[in-house]
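*Asks:* Sequence and computational prediction follow.
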Amino acid sequence: METRRSNNNRRKSSTFRGGVREQTQCRFCRRGEKYVDYKDIDTLARLLTNRGKIYSRKRSGNCAGCQRKVKRAIKRARYMALLPFST
């Protein structure tokens, strides 16, 4: 009879580490901004890749509501020729 510990038990115990991850807020919620301004090019440019694509929520750290506001603001800024559609 073979007595061997399963790898499943080891993996589960090593990944938990006994703590709860701290919840962080997105940059717009931290500042208390209700509106993402399409004229604020510096902030919006940080949320774009060098090719002009919008970063995902996971990459940018925005919450769902603010990510929708950012998307709308970037599209407005592109329409007004403040940001490029692509490079």
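*Replies:* That came through, no problem. Residues are numbered from 1 along each chain as shown.

*Asks:* from here on, contacts and neighbour counts on C-alpha atoms
*Replies:* OK.

*Asks:* any idea of the mean pLDDT for the longest helix anywhere in the chain?
*Replies:* For the chain, the longest helix by residue count, based on DSSP state H, is helix 64-79. Averaging pLDDT along helix 64-79 yields 96.

*Asks:* Pull out the buried residues from that helix.
*Replies:* Buried residues in helix 64-79, counted by 16 or more other CA atoms under 10 Å: 66, 67, 69, 70, 71, 73, 74, 75, 76, 77.

*Asks:* ok, so of those, who is nearest residue 60?
*Replies:* Distance to residue 60 across the buried residues of helix 64-79 (CA to CA) is lowest for residue 67, with 8.7 Å.

*Asks:* With residue 63 as the reference, measure out to the closest residue to residue 35 other than its chain neighbours.
*Replies:* Residue nearest to residue 35 in three dimensions, not counting chain neighbours: residue 69, with 7.3 Å by CA to CA, 6 or more residues apart in numbering. Going from residue 69 to residue 63 by CA to CA, to the nearest Å gives 10 Å.
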